[in-house]
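Engineer: Sequence unavailable; structure follows:
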């Protein structure tokens, strides 16, 4: 093993497994490009999403290896470095080895290729040649067979259509070169491009000609069989056109005959079974034309096991079959008597008539007409949903038939003993027949009631699972048990029948009601307890309590002591709130003390009961309890005002600022000492002061901007920090400049102010200061080395820098006492663990302000990070916040958070304060992919689906998350243009690109300016090239653009129509681009707030035209799913800020939804 290989092996062994797996996946996906290996150095480029990262490994003179890259994010830096090592390891592992003997070795084939190319093969080309040889060896070992699965490994877009072998050659290729010739021909015929270095190597036309005879010969057996089938069909044709045919059914009470008539010939004739089958075959091939009624008869008659020309009603099923035909109104004219007339159908049904025979002690039952006369015989019953009775020329409806067979000739004779029971009496009543005198004299009526006994038991001795058992007994008025409910239904109790010959006839309404009620509990019969058992889950108490309240009349419930606690009234809990002042006089610790009446409970049990919010809790003694919380109006008002909740009772203190407690009713709630201290602090506060706007401000503030200035001065007067969260475009910058002017006039010591903002808006701040406050000296930091603290303190008033410079210069910046620090687009510190957030918190300032139109982008923790900079402690520490807000699943968390933030956050939307703004409209344009684009998309989707299906929920969220997100990115890139995912697809079509260019052409012709945003710079490059071809003027701004202010200014001042191509991250915030009134969002982003920010580059103060925004969405793809997911996972953060946000990270369910797997998962669950 070489020294380089040893070094790579040693480093990889020290890398954590998850990181190494991700690096291997990147190497599999050919994400490592331009790999160069030297004795002391490794150079490569790694593609991460839409970013290119340059990586260098180098060995020092002392022999130590180290890595470096141009990626600032530490995690991605490590991943890229490890991916390069993996690619290098694979390169080294592909050193030539012994090759299995064949007619032509890989080296010989490679030598031919290199001679033709006049150069050595690249590592990627050698890698492909290695894959080709592996497939060839498989073919040799399998006796010349090759499959779709093999071809997929040689071209990723090969479609798998069968598991059968492919027919690519007449005999097994003798060598690798011949094998490639056949593969090249197969790819060409599928219109799939061969690798560039092998194109033109095979004479495809000559090979196609060589195979022509073999291919023709291979089709001979199929053609011979096809000719035989055609001849058979031609011989069976009887006439030039379809033959009209009709059917009818002649019926008697004993048999049915199907008759047919050919159109144009006289009379119907009987049809035999053989003829019927032949007619069916002719009809199937279109040789017969049948009326709909005739076709219905034909299809109905075919399945019957008839012989000859008649079908007799020997079986009950035959009668049911005929009854079903009589139920079809369309067949009334096709079902005829022997006289060839339709059957007479009396309106009055048949009914039962009974005669008691005292001598034989029987009850004779027979059918009768409405006038009591017997019906005509023979009579055949046709059972079905409606009972029909067929006579020679009449079809009756009638009662349920319970005799033997279907022929109704003789009366039914029932022994009186069979009727001398409760069931017998009920039977006669349902038939509408009177009770025989002998039976009537013995009947005694009684109403039964039902008692349900519920108890709690362990299913198995010593087992931990508890069950509730329901024993159900029906009793007479004297308390005698009559029936017991068991698995098969109600069964007589042992002492249910009196011995004096009396026939008990019970009112069983309560029994049916009790059985229905028990079914609601989904209980299963358990013979061990002679009752019905249900598992006592955490949901059982609510279910049982609700069920018990809804039991019908006549059903009583008794329980054991433990289940009775579920039905008992809730315990009453009262609250006492104590407040104590901390060492810092501005902060108070609130504690809630609960007192529960009616039970002696431990503190731990009280905590659980309070946390259950009125729900049931099982205590240590096995009983179930719940509490009802009683709050005074003052207590509830304090809870709402302070953003507190009773979700969890504990001795934990809730630390609140005095401003969060100031309000009506607090005096009646907190203890007197705390109220006195709070009153003193409130008296010192300056809440209502509204200083005038500084005279040196060179612009006129709008009324709402004056209110914003007063909010900022209120924060400073009371030594608060805060967030100005106005909608994008409402002038947060100018409000902040007026505040800085006011601060500089208020403080004797003129410390400098610091503004931190995205790189794209550095010049915006300089321009706004020059326009609104020209006397303020502003330094825009262009380079880290320009930072001169002495010059800053003596000559400058405001320093403006970006977040990357904040991270790099924090050691110098934290030595300065700042008059004010402003974080513009403050969501850049939404991750509290990021270097930018930690650097911002290190700085010392008299005043702190965050500006952000979207302070919540993904999680509520974003807001905690912003507030921890602006007003440390206002939302507690991170553990407290996670416990009480960020991880809460109840709907009140956002409302409570809003209450906590109210004193420190101001949020106004355009619809509230900037009503003079022109209208803003949004429209989604759906684009249909071409066949080639759709095929590429489906192929990539299948790979991504397999990745999710084979991953557990934990893997999706941890180890394989990065790979799945990359798969999502590739799918989105294909939707934009296939070339984003595969550079070789530059010439392929993109439906979205075509639609976008057509839209731009139309808008340009009408003289409009357009902003076009995409998150993929490579897509913007494609658009730029197309615009150049069309002769459409354009402007360009991405993260790499240097002279941003100049470009924006030129676009704003240019009066001619043009397109501004902007990357979503670089141009989506902070810029003022009101010269454009049309916005195109080329590709959807996960977070709708980011898209809204992009649109607001045009829809902001200064815009005079209606703004129209188009979202370009590829139909039937992940882009539509992204839009649905935005709605599905949208946080109702209007409760906090008044605007929506994308609140949670993606989980496995979201990935299944995005990849179209939720329907498959639902079917899997049903199975």
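Structural biologist: Structure's in. What do you need? Owing to the predicted nature of the structure, the values given are computational and were not obtained by experimental measurement.
Engineer: residues near residue 187, how many?
Structural biologist: Applying the criterion other C-beta atoms under 10 Å, we find 21 residues in the vicinity of residue 187. Glycine gets a C-beta too; all of them are placed from N, C-alpha and C.
Engineer: cool, the one 3 residues further on as well?
Structural biologist: As a burial measure, the neighbour count of residue 190 was computed by other C-beta under 10 Å and equals 12.
Engineer: So the closest residue to it other than its chain neighbours versus residue 348, what's the distance?
Structural biologist: Closest residue to residue 190 apart from its sequence neighbours, by C-beta to C-beta, 6 or more residues apart in numbering: residue 158 at 6.8 Å. Taking C-beta to C-beta, to the nearest Å as the measure, residue 158 falls 75 Å from residue 348.
Engineer: One more: residue 1105?
Structural biologist: From residue 1105 across to residue 348, the span is 81 Å (C-beta to C-beta).
Engineer: hang on, the earlier thing: looks like the residue nearest to residue 190 contacts residue 147 (just checking).
Structural biologist: No - the pair formed by residue 158 and residue 147 falls short of the contact definition of C-beta atoms under 8 Å, at 10.5 Å.
Engineer: Which parts of the stretch 451-600 of the chain are strands?
Structural biologist: 466-475, 481-486, 489-492, 503-507, 524-526, 531-535, 555-559, 571-581, 587-597 (DSSP state E, counting those that start in this stretch).
Engineer: Give me the sheet partners of the first one and which way each runs.
Structural biologist: In other words, strand 466-475. Sheet pairing for strand 466-475, assigned by DSSP bridges, gives strand 449-458 (antiparallel), strand 481-486 (antiparallel), strand 531-535 (antiparallel).
Engineer: if we can go back for a sec, who's more crowded, residue 1105 and residue 348?
Structural biologist: When residue 1105 and residue 348 are compared for neighbours, residue 1105 comes out ahead with 16 against 11, by other C-beta under 10 Å.
Engineer: What distance do you get for the closest residue to the more buried one other than its chain neighbours to residue 1071?
Structural biologist: In this structure, residue 1105 finds its nearest non-sequential neighbour in residue 1077, 3.9 Å apart by C-beta to C-beta, 6+ apart. Going from residue 1077 to residue 1071 by C-beta to C-beta gives 15 Å.
Engineer: Which one of these two is surrounded by more residues?
Structural biologist: Comparing residue 1077 with residue 1071 by neighbour count (other C-beta under 10 Å), the higher total belongs to residue 1071, at 29 against 21.
Engineer: Please report how far the nearest residue to residue 747 once chain neighbours are set aside lies from residue 473.
Structural biologist: Using C-beta to C-beta, 6+ apart and skipping residues adjacent in sequence, the residue nearest residue 747 is residue 819, 6.2 Å away. Distance check for residue 819 against residue 473: by C-beta to C-beta, it reads 85 Å.
Engineer: Comparing those two, which residue is more hemmed in?
Structural biologist: Taking other C-beta under 10 Å, residue 819 and residue 473 do not tie; residue 819 has more neighbours (22 against 19).
Engineer: What helix or strand is residue 82 located in?
Structural biologist: Using DSSP states H and E, residue 82 maps to helix 74-93.
Engineer: By mean pLDDT, which helix or strand of the protein comes out lowest?
Structural biologist: Least confident element among the helices and strands of the chain, by mean pLDDT, DSSP states H and E: strand 1141-1142 (a mean of 35).
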